[in-house]
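Chemist: Got a sequence here, can you model it:
(chains A, B, C and D)
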Number of protein chains: 2
Amino acid sequence: MTQIETLPIGELSRQTGCKVQTIRYYEQIGLMPEPARTTGNQRRYDTRHRERLAFIRHSRELGFALAAIRELLGLADDPDCSCETVDDIARTQLLQVDQRIARLSALRTELVRMLEQCRGGRIADCRVIEVLADHTHASCLSQDHEAPTEAGEGRAG
Amino acid sequence: MTQIETLPIGELSRQTGCKVQTIRYYEQIGLMPEPARTTGNQRRYDTRHRERLAFIRHSRELGFALAAIRELLGLADDPDCSCETVDDIARTQLLQVDQRIARLSALRTELVRMLEQCRGGRIADCRVIEVLADHTHASCLSQDHEAPTEAGEGRAG
DNA sequence: TCTAGTAGCTCCAGTAACTGGAGGTTCAAG
DNA sequence: CTTGAACCTCCAGTTACTGGAGCTACTAGA
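Modeler: I've put the predicted structure just below:
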């Protein structure tokens, strides 16, 4: 019989650009199903695993949280279901991205202003330190209760 | 003698908008100095503490990592030192903010495109799911090794 | 002075999404 | 049969907090 193609974890890692440890982590948290094992207890993956992992990675790159991806995967398994929820999740993600861009832009403005005002010199005269120390300023850049943690961003090295 | 003004932790928390637990956390990691204590072992803060905490909070709001803030605080303590390093830290922060904005904008573009293509309907026809599953696409939004964790963003609620 | 209620204390665990390492086993090529 | 890369499990660490358990201190009113 023709043998179906199976991949060891390192190969799957190479093909998806997802680290070996991360693949095992996804299995551990139930995002990836347990693959078959060799008699020597090593994982062997098939095409379905590869596709699922690619889906996860691409979603992560788009900033979806693992919880959202879990939900998307569940929905994707039911082809007859309406895709309303899927779109909702994506729209929520877009909204969050917009909020973060807005917030970062505000930060940017303040950073630039701060740097422009500093002529360089002694710390005692440094505008940067001064601005940071100025608490009349504090919390005007409200840190609201949003943004769980970002994909791609966050950890990586 | 005139008694100098001292604040219990809750009052400091109110004045700075920094949670009580967070203040204790900053002390634990050595970012805030240990304050005086009452005979009953409760913390009592003075104006210098309040200013330092305000500095920390404002820096966090601008997205500086705690490690950077630690460094800034060290530099701020030496008024005769040149403010080159301070400016460097701020410029690095600006650079990171710029990178994250760029990255988020790219995410945004893809999310919008994805959502626009979906006409709503069955999952089987859903463009969102399709795009996410498409691994020819994967890692074109490179997640580079940057951005430690963001202030204001990240945790909050 | 007693009491109630709020605020404080310490210690520990959990969050998100991984990453890295120790210490040991398996696989595939030569 | 040997060698070296790849694999295994388990555990701890990362960032910047947050929350809770179980206990103590402080303060205002009766």
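Chemist: can the host helix or strand of A:His49 be found next to DNA strand D?
Modeler: Secondary structure assignment for A:His49, by DSSP states H and E: helix A:47-61. No: residues of helix A:47-61 contacting DNA strand D under C-beta under 7 Å from any atom of the strand: none, with a closest distance of 12.1 Å. Bear in mind the C-beta positions are built from the backbone N, C-alpha and C, glycine included.
Chemist: quick one, what contacts the closest residue to A:Ile101 other than its chain neighbours?
Modeler: Leaving aside its chain neighbours, A:Ile101 sits nearest to B:Leu104 (4.9 Å; criterion: C-beta to C-beta, 6 or more residues apart in numbering or on different chains). Taking C-beta atoms under 8 Å, 6 or more residues apart in numbering or on different chains as the contact definition, B:Leu104 lies against A:63, A:97, A:100-101, A:104.
Chemist: switch to 7 Å and redo it
Modeler: A:97, A:100-101 (C-beta atoms under 7 Å, 6 or more residues apart in numbering or on different chains).
Chemist: what are the ranges of the strands in chain A?
Modeler: Along chain A, the segments classed as strands by DSSP state E run A:7-8, A:36-37, A:43-45.
Chemist: ok, back up a step: now do the same for the residue nearest to A:Ile101: its pLDDT.
Modeler: Note for B:Leu104: predicted pLDDT of 88.
Chemist: now A:Asp88
Modeler: pLDDT, A:Asp88: 89.
Chemist: Just give the number of residues close to it.
Modeler: 11 (other C-beta atoms under 10 Å in any protein chain shown).
Chemist: So which bits of the helix ranked longest in chain A are buried?
Modeler: Using DSSP state H, we find that the single longest helix of chain A is helix A:84-117. Across helix A:84-117, burial judged by 16 or more other C-beta atoms under 10 Å in any protein chain shown covers A:86-87, A:89-90, A:93-94, A:96-97, A:100-101, A:103-104, A:106-108, A:110-111, A:114-115.
Chemist: A:Ala67: neighbour count?
Modeler: Using other C-beta under 10 Å, A:Ala67 has 11 neighbouring residues.
Chemist: any idea how far it is from DNA strand D?
Modeler: Look at A:Ala67 and DNA strand D: by C-beta to the nearest atom of the strand, to the nearest Å, they are 17 Å apart.
Chemist: re earlier: quick one: list the elements packing against the helix holding A:His49.
Modeler: Counting contacts by 3 or more C-beta pairs under 7 Å, 6 or more residues apart in numbering or on different chains; DSSP states H and E, helix A:47-61 packs against helix A:9-16, helix A:66-76, helix B:127-133.
Chemist: So is that helix next to DNA strand C?
Modeler: Yes: judged by C-beta under 7 Å from any atom of the strand, helix A:47-61 comes into contact with DNA strand C through A:Arg60.
Chemist: If you count neighbours, what's buried in that helix?
Modeler: A:49-50, A:52-61.
Chemist: Stretch A:119-129 now?
Modeler: A:123, A:126-129.
Chemist: Also stretch A:30-45?
Modeler: Buried residues in stretch A:30-45, defined by neighbour count with 16+ other C-beta under 10 Å: A:31-32, A:35, A:43-45.
Chemist: now do stretch A:61-78
Modeler: For stretch A:61-78, by 16+ other C-beta under 10 Å, it's A:61-66, A:68-73, A:75-76.
Chemist: coming back round to it: out of the buried residues of stretch A:30-45, which touch DNA strand C?
Modeler: Among these, proximity to DNA strand C is found for none (C-beta under 7 Å from any atom of the strand).
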